[in-house]
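In: All I have is the shape, not the residue letters:
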C-alpha cells in the first residue's frame, strides 16, 4: 500500500471524516509537489556565458520553483547533441535553426520550442583596415566546416565574394593575428575578447546587423516529448526564459556554476560576454522586445528557409513549418 494510504489509516481514529478529507488533500498535494519532473538539457559546448540563462535558472532554484529537476549536460567538439536527442539520451538540446530545418529533409521527429538568442552571435573579425563587410573582397577568410554549411553561403552571395577566398578555420586565432590580409569568423561573446586583447584595433561585424536571418542557440526537443508532456515543456520554457532575464540582470550565481563546470572560464571573459549580449540585445532585442524573451515568428523561420533554399542548403519542397512550434512562447502580438 502507498505510504500516504498507510498514514491516513493510522490517523483515521484521531480525526473526524471532514478533517480527514482535508488532511488527505493536503498530504496528496505535498506528495505530488515533491515529485519534480526530470529533464536532461544537452548543450552544444563547454559551460560558458552563452548558456548562462540555464545555469542561472539552476542556481536560483527557478527550475525547482516550476516543479522541474533539470540536469544540464555539457557539450564539446566531440558531442553531437542532435544524435543524443534522437536516441533519447537528452530531452531538450541547444541547437540551430539551420540544422533543425535540414533535419526536416530526413524527417527527424523534432521541433524547436523557443529562441532565447534572437540573433546569431556569429560575425566577422577583421583588422582595422576593413570598414564594413563589403570590404572583405580580396581577403583570406577563415571559415569552419559548420560555417561552410550556414553563414558562408549567405555572406558570399550578399557581398559577391569568391569561394576561393575561404580557408579552413581551426579555432586557432594565430593565423588571423599573423596575417594582415586575413579575416576570420568569430562569436561576439568569445573570440572578439581574445582578439581585442592581442590587437585592440581589430574590428567585429555581426552578421545579424547585415540581415543574416538565423536565430542563435535555440531550444529543440522531440515530438514525442511535446505530445506526452506539453505542460512540462511549457514550464521548462517559462523557467528558462526567467533564468535568462535574471542572468542579464545579475549573472553572478549562474557564472559561479559555469566556472565550476569549465575552469577555463574567468570573471573577465564572462563579464565581456554578458556585456556583449546586453549591448547587442541578443536576448531581449528583435521580436523579443515586444513579444517576450524566447519568441519565434513564422516570418523569421521563413526568412531562414528562403536563404537556405536560395543557397542550395535546403530542398525547396521541405516542410519547413514542421521544424518549430510557437505554442510555448508568447506570440500574441505577432
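Out: Alright, I've got the coordinates. As the structure is a computational prediction, the values presented were derived from the model and not from experiment. Numbers count the residues shown, from 1 in each chain.

In: Helices of the stretch 151-300 of the chain, residue ranges please.
Out: Ranges of helices within the stretch 151-300 of the chain are 151-158, 174-178, 191-198, 223-228, 230-249, 252-261, 267-279, 288-291, 298-310, based on DSSP state H, counting those that start in this stretch.

In: now for the last one, which elements pack on it?
Out: Secondary structure elements in contact with helix 298-310, counted by 3 or more Cβ pairs under 8 Å, 6 or more residues apart in numbering; DSSP states H and E, are helix 97-105. No exception for glycine: its C-beta is placed from N, CA and C like everyone else's.

In: residues of the helix it packs on that come out buried?
Out: For helix 97-105, a neighbour-count test (16 or more other Cβ atoms under 10 Å) marks 97, 98, 99, 100, 101, 102, 103, 104 as buried.

In: excluding its backbone neighbours, what's nearest residue 95?
Out: With sequence-adjacent residues excluded and distances taken as Cβ to Cβ, 6 or more residues apart in numbering, residue 95 is closest to residue 220, at 4.6 Å.

In: Beta-bridge partners for the one you found, please?
Out: Counting by DSSP bridges, residue 220 is bridged to residue 93, residue 112.

In: tell me how far the ends of stretch 166-184 are from each other?
Out: By Cα to Cα, to the nearest Å, the extent of stretch 166-184 from end to end equals 9 Å.

In: Can you name the residues in contact with that stretch?
Out: 124-127, 129-130, 136, 138-145, 147-148, 152, 156, 185, 191, 194-195, 198-199 (Cβ atoms under 8 Å, 6 or more residues apart in numbering).

In: follow-up on the earlier one: so which of the helices of the stretch 151-300 of the chain is nearest residue 208?
Out: With Cβ to Cβ, the closest approach to residue 208 among the helices of the stretch 151-300 of the chain belongs to helix 151-158: 10.0 Å.

In: Give me the distance between that closest one and the centre of its chain.
Out: The chain centroid and the centroid of helix 151-158 are separated by 23 Å under Cα atoms, centre = their mean, to the nearest Å.

In: What of stretch 253-260?
Out: 17 Å.

In: What mean pLDDT does that stretch get?
Out: On average, the pLDDT along stretch 253-260 is 98.

In: which parts of that stretch are buried?
Out: 253, 254, 255, 257, 258, 259.

In: ok, residues contacting that stretch?
Out: Counting by Cβ under 8 Å, 6+ apart, 47-49, 51-53, 55-56, 58-60, 243, 247, 265-267, 270 sit against stretch 253-260.

In: what's near enough to touch residue 205?
Out: 123, 124, 126, 130, 132, 133.

In: Need those in CSV (columns: neighbour count).
Out: Below are the contacts of residue 205 laid out as CSV (neighbours: other Cβ atoms under 10 Å):
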residue, neighbour count
123, 26
124, 25
126, 24
130, 17
132, 12
133, 19
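
In: Tell me which of those fall in strands.
Out: Assigned to strands by DSSP state E, the following of the contacts of residue 205 qualify: 123, 124, 126.

In: quick one: the residue nearest in space to the middle of the chain from residue 98, how far?
Out: Nearest to the mean C-alpha position of the chain, counting by Cα atoms, centre = their mean, stands residue 217 at 2.8 Å. With the distance defined as Cβ to Cβ, to the nearest Å, residue 217 ends up 12 Å from residue 98.

In: and what of residue 218?
Out: With Cβ to Cβ as the criterion, residue 218 and residue 98 are 10 Å apart.

In: repeat for residue 214
Out: Using Cβ to Cβ, one gets 6 Å for the distance from residue 214 to residue 98.

In: How much space separates residue 82 from residue 92?
Out: Separation of residue 82 from residue 92 (Cβ to Cβ): 12 Å.

In: If you count surrounding residues, which of these two has more?
Out: Just comparing residue 82 and residue 92: by other Cβ atoms under 10 Å the higher neighbour count belongs to residue 92, 24 against 21.
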